[in-house]
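*Asks:* Task: produce atomic coordinates for the following.
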Amino acid sequence: MSNPDDTPSTRSFGRTMKAIAWSFTGLRSKRDFDDDVEGGMNPFHVVIAALLGVAIFIGVLVAFARYAIA
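*Replies:* Below is the predicted model:
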């Protein structure tokens, strides 16, 4: 039988969103990157956070384009 202490703890959605946001900018420290690679992120949270990040990024680009054209 498995011991509950052996299961890796998963990150909260907020911490996953923060990791995805830093990865969009490319300004992640080595220690934080190693922590991300080590695991603990829920794949479902990663997909949702990435989709939210892409939607926000596209929204900002569209807003800048509209501002530049006006």
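
*Asks:* center of the protein, which residue is that?
*Replies:* residue 20 (1.9 Å; Cα atoms, centre = their mean).

*Asks:* who touches it in this structure?
*Replies:* 46, 49, 50, 53 (Cβ atoms under 8 Å, 6 or more residues apart in numbering). Where you see a C-beta, it was placed from the backbone N, CA and C, and this is true even at glycine.

*Asks:* Just send the residues you listed back as CSV, with secondary structure too.
*Replies:* Below are the contacts of residue 20 laid out as CSV (DSSP: H, G, I helix; E, B strand; the rest coil):
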residue, secondary structure
46, helix
49, helix
50, helix
53, helix
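
*Asks:* picking up where we left off before, from residue 65, how far off is the residue nearest to the residue nearest to the centre of the chain when sequence neighbours are not counted?
*Replies:* In space, and not counting its chain neighbours, residue 20 is closest to residue 49: 4.1 Å by Cβ to Cβ, 6 or more residues apart in numbering. From residue 49 across to residue 65, the span is 25 Å (Cβ to Cβ, to the nearest Å).

*Asks:* In terms of neighbours, single out the busier of the two.
*Replies:* residue 49 (23 against 10; other Cβ atoms under 10 Å).

*Asks:* which regions of this structure lie under the pLDDT threshold?
*Replies:* 1-9 (pLDDT under 70).

*Asks:* change it to 50
*Replies:* 1-3, 6-7 (pLDDT under 50).

*Asks:* would you list every one of the helices in it?
*Replies:* Secondary structure of the chain (DSSP state H): helices located at 13-25, 30-38, 43-69.

*Asks:* how distant is the first one from the center of its chain?
*Replies:* If I follow you right, that is helix 13-25. 3 Å (Cα atoms, centre = their mean, to the nearest Å).

*Asks:* Tell me what angle it forms with helix 43-69.
*Replies:* 50 degrees (axes from the mean of the first three to the mean of the last three Cα atoms, to 10 degrees).
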